[in-house]
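Asks: What would the 3D arrangement of this be:
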Amino acid sequence: MRKNDADIIVVGAGIIGITCALALQSDGRRVLLLDRSGIAAEASRGNAGAFAFTDVEPLATPGILRKAPKWLIDPLGPLSLPIGYAPKLTPWLLRFWRSSWRDRFEAATRAQSALMQLSQTALENLIRETDAEPLFQRDGQLQVYAGAAQFEASRPGWALKQRHGIDVRLLDHADDIASIQPGLDARFTHAGYTPDWMNVCNPVTWATHLATAFQKAGGHIESFNVTDVDVQAGRVCVRSAAQTRVSDRVVIAGGAWSGRLAWQLGDRLPLDTERGYNTTLPAGAFDVKTHISFPNDGFVVSRIDGGVRVGGAVEFGGLKRPPNYRRADILLEKASRYLPGLRTEQGQRWMGFRPSMPDSLPVIGPARCSDRVIYCFGHGHLGLTQSSGTAQLVKAMVTDAVMPIDRSPYSPRRFSRWS
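Replies: I've put the predicted structure just below:
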């Protein structure tokens, strides 16, 4: 019988996979990390760098479908669904609609809040353990509103955050807003500030930092395009077109590309993609003091290595449709109006695939065919935020330790009734 290549193989070297590999290694396991493209080469590369622990509200909110049609008819709006992709997305949208019902929404909010709290504690531990404090920016987050009507409409969301113990400061004076972020257009008369929000200087730098720590402790990272996973004789085989790797367990953390592997293993999970766009401007483009969110326009502005990243919005279009970079240009045009001093030249555009489940919760749990395969994907736009907490759940599953939180809300089985 062939000797195992590792105790555990982690498929996917995005931020979820890297953090899981490091957590499993800390338990003394021999871990092999496989990825076809390299460290943080996909969605983990171009995100806003935000640890959004305050975002406990799922995307599928009660009444969301009354708002969605006016967004969807605008191909360059904050939420876009190309006509040609609509039939493929219909089953996902039906689940999204059911998730917006009050009972499902409240349960998902509790589960999201629990994973956020776990992730925040685990991240602080990881920062200390890897001496990473210089990589972080603890400057809070400012959500701004153009007028009292927008602000009043946002109050239920702020109240929800407060009920879950999040420090919230609501502002309705221009001077108070300017003391946090100078240079905003005068139309923004109201805001909400969450001081405990934090960002990383660059998400790629953070992922590379963790990968380096993993390798220094004896971990191995290999370029490997996984095409197939199966369980044989109590072991798991991971294959590419030309090679095979064998281990006792496998963690599938391949982001938006994980659905095909789950399908091979007998799990029909409703994984789709929220395609996100951004433009990164060089240092000196604008003096960003805090993470700025424009919720009514669906985009954010964050500081990345001294420069500025303008990005956001949601486009459903799967993995094969070519990027529509006009969406990035629209966001940059809006940002230049909302931040009148913003210099928009020399920007670099990017598009990434956020792996998204219809109830806004990730899939974290064993495959139907064997608990030797653990799924770990579907975090949507919260992968960076929830990476450390997710790693703790995966580690507890592998080591049969007491779960730090109830993991049933993230189970792959929750979609069985729809399969």
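Asks: Spell out, range by range, the helices that occur in the protein.
Replies: Assigned by DSSP state H, the helices in the chain fall at 15-25, 64-72, 86-99, 102-129, 148-163, 174-180, 203-216, 258-264, 326-338, 383-399.
Asks: ok, and for the fourth one, which residues are buried?
Replies: Read that as helix 102-129. 104-105, 108-109, 111-120, 122-123, 126-127 (16 or more other Cβ atoms under 10 Å). Heads up, the C-betas are built off the backbone N, CA and C, glycines and all.
Asks: Buried ones in stretch 409-419, by neighbour count?
Replies: Buried, per 16+ other Cβ under 10 Å, within stretch 409-419: P409, Y410, S411, P412, R414, F415.
Asks: min pLDDT across the residues you listed, which one?
Replies: Of all the buried residues of stretch 409-419, F415 carries the smallest pLDDT score, 87.
Asks: So that residue sits against G259, correct?
Replies: No. At 11.7 Å, F415 and G259 do not qualify as touching, with contact defined as Cβ atoms under 8 Å.
Asks: Which neighbours do the two have in common?
Replies: L269 (Cβ atoms under 8 Å, 6 or more residues apart in numbering).
Asks: Bridge partners for the residue nearest to S258 when sequence neighbours are not counted, pull those for me.
Replies: Spatial nearest neighbour of S258, excluding adjacent residues (Cβ to Cβ, 6 or more residues apart in numbering): F377 at 4.1 Å. Beta-bridge pairing for F377 (DSSP bridges): V363.
Asks: so who does F377 touch?
Replies: Contacts for F377 were tallied using Cβ under 8 Å, 6+ apart; they are G12, I16, I252, A253, G254, G255, A256, S258, L271, P355, P362, V363.
Asks: With distance to T208 and pLDDT as extra columns, can I get these in a markdown table?
Replies: Output for the contacts of F377, formatted as a markdown table (distance: Cβ to Cβ, whole Å; pLDDT from 0 to 100):
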| residue | distance to T208 | pLDDT |
| --- | --- | --- |
| G12 | 15 | 97 |
| I16 | 15 | 98 |
| I252 | 22 | 98 |
| A253 | 17 | 98 |
| G254 | 19 | 97 |
| G255 | 17 | 96 |
| A256 | 21 | 95 |
| S258 | 22 | 96 |
| L271 | 26 | 96 |
| P355 | 21 | 95 |
| P362 | 23 | 97 |
| V363 | 26 | 98 |
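Asks: Return the distance of the residue nearest to S258 relative to G317.
Replies: 18 Å (Cβ to Cβ, to the nearest Å).
Asks: go on, R249?
Replies: For R249, the distance to G317 - Cβ to Cβ - is 34 Å.
Asks: hang on, H220 packs against A6?
Replies: Yes. H220 is within contact range of A6, at 7.3 Å (criterion: Cβ under 8 Å).
Asks: check contacts around the residue lying closest to C201 once chain neighbours are set aside.
Replies: Spatial nearest neighbour of C201, excluding adjacent residues (Cβ to Cβ, 6+ apart): L135 at 5.3 Å. When contacts are counted by Cβ under 8 Å, 6+ apart, L135 touches V200, C201, N202, T205, W206, H209.
Asks: Now do the contacts for the second one.
Replies: What that stands for is C201. Counting by Cβ under 8 Å, 6+ apart, C201 has contacts G49, L135, F136, Q137, R303, I304, D305.
Asks: at 7 Å what do you get?
Replies: Taking Cβ atoms under 7 Å, 6 or more residues apart in numbering, we find C201 in contact with L135, Q137, D305.
Asks: How about the fourth one?
Replies: When the contact criterion is Cβ under 7 Å, 6+ apart, the partners of T205 are L135.
Asks: Run a quick neighbour tally on A60.
Replies: A60 has 21 neighbours, counted by other Cβ atoms under 10 Å.
Asks: now do A43
Replies: Around A43 there are 27 residues (other Cβ under 10 Å).
Asks: Quick one, grab the pLDDT at the residue nearest to I405 when sequence neighbours are not counted.
Replies: In space, I405 comes closest to A114 once its chain neighbours are excluded; the distance is 4.6 Å by Cβ to Cβ, 6+ apart. Looking at A114, its pLDDT reads 96.
Asks: right, and A114 touches P404 too?
Replies: No. At 9.1 Å, A114 does not count as touching P404 under the criterion of Cβ atoms under 7 Å.
Asks: Need the overlap of contacts for these two.
Replies: In contact with both A114 and P404: no residue, using Cβ under 7 Å, 6+ apart.
Asks: can you pull the contacts of V200?
Replies: Counting by Cβ under 7 Å, 6+ apart, V200 has contacts G49, L135, F136, W206.
Asks: Apply 8 Å and report the result again.
Replies: Counting by Cβ under 8 Å, 6+ apart, V200 has contacts G49, F51, L135, F136, Q137, W206, L384.
Asks: Could you tell me the per-residue confidence at it?
Replies: Taking V200 on its own, its pLDDT is 97.
Asks: List the beta-bridge partners for it.
Replies: According to DSSP bridges, beta-bridge pairing links V200 with F136.
Asks: just to revisit the earlier point, looking at the contacts of F377, which one is closest to K161?
Replies: P362 (20.2 Å; Cβ to Cβ).
Asks: Would you list the phi and psi of that closest one?
Replies: Here is the backbone geometry of P362 (degrees, to the nearest 10): phi -70, psi 170.
Asks: Show me how the protein divides into domains.
Replies: Domain ranges of the chain: 1-62+100-135+199-270+357-419, 68-99+136-198+271-356, per automatic domain parsing.
Asks: which one of these is the most hemmed in?
Replies: domain 1-62+100-135+199-270+357-419 (a mean of 20; mean count of other Cβ atoms under 10 Å).
Asks: now that domain, how far from the centre of its chain.
Replies: 11 Å (Cα atoms, centre = their mean, to the nearest Å).
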